[in-house]
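Enquirer: Fold the stuff below for me.
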Amino acid sequence: MEPRGEVFVLGLVLSIVVLLISVLISVWARRFTRSLGDYYVAGRSIGAINNGLAMVSLALSLTTFIGLTALIIEGVYIAVAVYASFTAAFIGLMILAAPYLRNHKSFTTMAFISERYGSKTLRYMSVVVMMIVSVLYLAGNLKGIGIVFFFLLGVPEVVGIVVGGLVVTLYVTLGGMYGVTYNQTFQTIVLLFCLLLPVAVVLRALGTAGWFFPPLGYGDMVPDMIEFVPHYFWAMLEHPITYIAIFLGSFFGIIGLPHFVMRFFTVRDAKEARWSMILCVFLVGLVNTTVYATGFAAVYYMSTTAGVDLTPAAYDYMVFILVEALAGQGWLALAVAGSVAAGLSTVSGLLMIMGAGLIHDLYGELKPDVDDEKKLKLSYLAMFVVGVLVILFSLNPPEFILKAIMWAFGIAAAGLGVPIVLGIWWKRTTKQGVGVGMTVGSLIAIYGWVMIELVGMNPVDVPFPFFNTYLYGPMGWIKFTVLAVTFSFILTVVVSWLTPPPAEELQRQVDEMHGWTDYDPKRYNSKVLPIAVVFFSVFFLWFMTTLYDVFPK
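Expert: Just a heads-up that it's a prediction; the model follows:
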């Protein structure tokens, strides 16, 4: 896709304003950082509204506007599955993990896994998984910033990657979690304002009755979508295991995403964690339906407007194309600023967890005698170094943003989400079980990513005993998530049953996370949960091998 051919001055000005305000917020927030706890979890002082808004900005990365909008335009029902699973994942996070993680009082996901199972080795393993997940997620989002700069401002992608990356690195390093939190809150407000209003104007120009509230506009345009893309709402274009894979990756991936989970350690208490999630789910749903309205509007616009002939490569820019054509350059400038804010907010959370993982979870364990003051100084240095290294890595970003993000979800689900969920709900889970399940599950997902994305193999040709035959179809690669998550669950449960139960002090943590003041060895120790987990995991593996002749290869 070629750039617009000229520098979009108003968009550039608003983007610079967003970047400068982000840095100033962190300079202001730095005065609150006096201890290691302040730097990593904002002194556990963040309220529900502030935290909920910050979580929205983490959830709504540039993938929302670029990758998924393009998927809708291409007429792929998979987009429905992605959004439905993503929304369900937030509800699952609210019910299964959010308040209990806050009660545990850890700093990071890696610290939770280590302390819950009493194993330093698991901490180191978790840090490795976290770094892989974070780099994949970061590369996709920094590329998103790069293509916004390329298309709208006429500068190479590398400029957007470097500028956006350096700004985020600067304000994360300066302000720590206080700076990240207030920046994410600011960026969510910018994102909502700069997305909802331009899309409403576009829907009005297309004559949609519910234009003033984009989710209503989405509903109004469903008949048109059925007319122009008759197969769009027909789910059976793919083997149903594809949708199960998307669900497993989203549901357990969001629980395992370390930069997202870290937000629960910043709030005052478990109640605030729950209300944060409620606000987050509402606003994410609002934006998701707005993006659907945008995708449907794009299909309608291209189908009914003479002279509009866009290639699939242009679909990534469809939000901007629509706004410029139907709303004007003033609204386009707002959309640009909102997109830049969306990219910055997600990147900041990822840099924060990477720096915390390296200093708090890795260096802090290797050098336990180092005082907090030295760790705090090292944290500033680590954040800056990590930011620069990530920028260098992102100079050669993945070709498809959405695929990089979905691989990150799959690795996070198998490597981090499974041990977190079982650690909260089943006392009998052992460090040996988690070690085997985490290792095998995450390695399966990483192996699939390396062979398919880096080596360039067709999924059905990837050497994998028995199951590679069933990795067929346009979304065959995502079925690796089913293999990774199910094997992680099965091995964690089986090995936990075959090894001695955890010490009583480790099992007590489960009661404490759930708010009990006494200890009952039978509580959260039923055989029903692990049996159900193994049954459904085996069922999914079997189901993956069925219906082979029904769907196209």
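
Enquirer: CA only for contacts and neighbour counts going forward, please
Expert: Noted.

Enquirer: Okay, the most centrally placed residue in the chain and residue 467: tell me how far apart.
Expert: By C-alpha atoms, centre = their mean, the chain has its centre lying nearest to residue 59, at 5.7 Å. Counting by C-alpha to C-alpha, to the nearest Å, the gap from residue 59 to residue 467 is 32 Å.

Enquirer: likewise residue 545?
Expert: Per C-alpha to C-alpha, residue 545 is found 7 Å from residue 467.

Enquirer: what do you get for residue 456?
Expert: 18 Å.

Enquirer: Which of those two has more residues huddled nearby?
Expert: residue 467 (17 against 11; other C-alpha atoms under 10 Å).

Enquirer: Give me the pLDDT value at residue 251.
Expert: Note on residue 251: pLDDT of 90.

Enquirer: any idea which helix or strand carries the closest residue to it other than its chain neighbours?
Expert: Spatially, and ignoring its direct neighbours in sequence, residue 251 is nearest to residue 89 (4.0 Å; C-alpha to C-alpha, 6 or more residues apart in numbering). In this structure, residue 89 sits in helix 78-96 according to DSSP states H and E.

Enquirer: Give me the longest helix you can find in the protein.
Expert: In the chain, with assignment by DSSP state H, the single longest helix is helix 157-205.

Enquirer: I would like the residues contacting the following helix or strand past that helix, please.
Expert: Reading on from helix 157-205 to the C-terminus, the next helix or strand found by DSSP H and E is helix 214-228. Contacts with helix 214-228, where a contact means C-alpha atoms under 8 Å, 6 or more residues apart in numbering, come from 196, 199-200, 203, 208-211, 232-233, 286, 289-290, 292-294, 296-297, 299-300, 303.

Enquirer: filter the residues you listed to the buried ones?
Expert: Using 16 or more other C-alpha atoms under 10 Å as the burial test, the contacts of helix 214-228 include 196, 199-200, 203, 208, 210-211, 232-233, 286, 289-290, 292-294, 296-297, 299-300 as buried.

Enquirer: any idea of the mean pLDDT in stretch 208-227?
Expert: 86.

Enquirer: Skipping its backbone neighbours, what lies nearest residue 333 in space?
Expert: Closest residue in space to residue 333, ignoring its immediate chain neighbours: residue 11 at 4.1 Å, by C-alpha to C-alpha, 6+ apart.

Enquirer: pretty sure that neighbour is in contact with residue 332, am I right?
Expert: Yes - between residue 11 and residue 332 there is a contact under C-alpha atoms under 8 Å: 7.2 Å.

Enquirer: If you count surrounding residues, which of these two has more?
Expert: More crowded of residue 11 and residue 332, by other C-alpha under 10 Å: residue 332, with 26 against 22.

Enquirer: Helix or strand for the more buried one, just tell me which one.
Expert: Going by DSSP H and E, residue 332 is in helix 329-356.

Enquirer: what's the angle from that helix to helix 157-205?
Expert: Helix 329-356 runs at 130 degrees relative to helix 157-205, counting by axes from the mean of the first three to the mean of the last three C-alpha atoms, to 10 degrees.

Enquirer: helices or strands up against whichever strand or helix holds residue 438?
Expert: Under the criterion DSSP H and E, the helix or strand holding residue 438 is helix 431-449. The contact analysis (3 or more C-alpha pairs under 8 Å, 6 or more residues apart in numbering; DSSP states H and E) places helix 431-449 against helix 120-153, helix 401-412, helix 418-425, helix 480-498.
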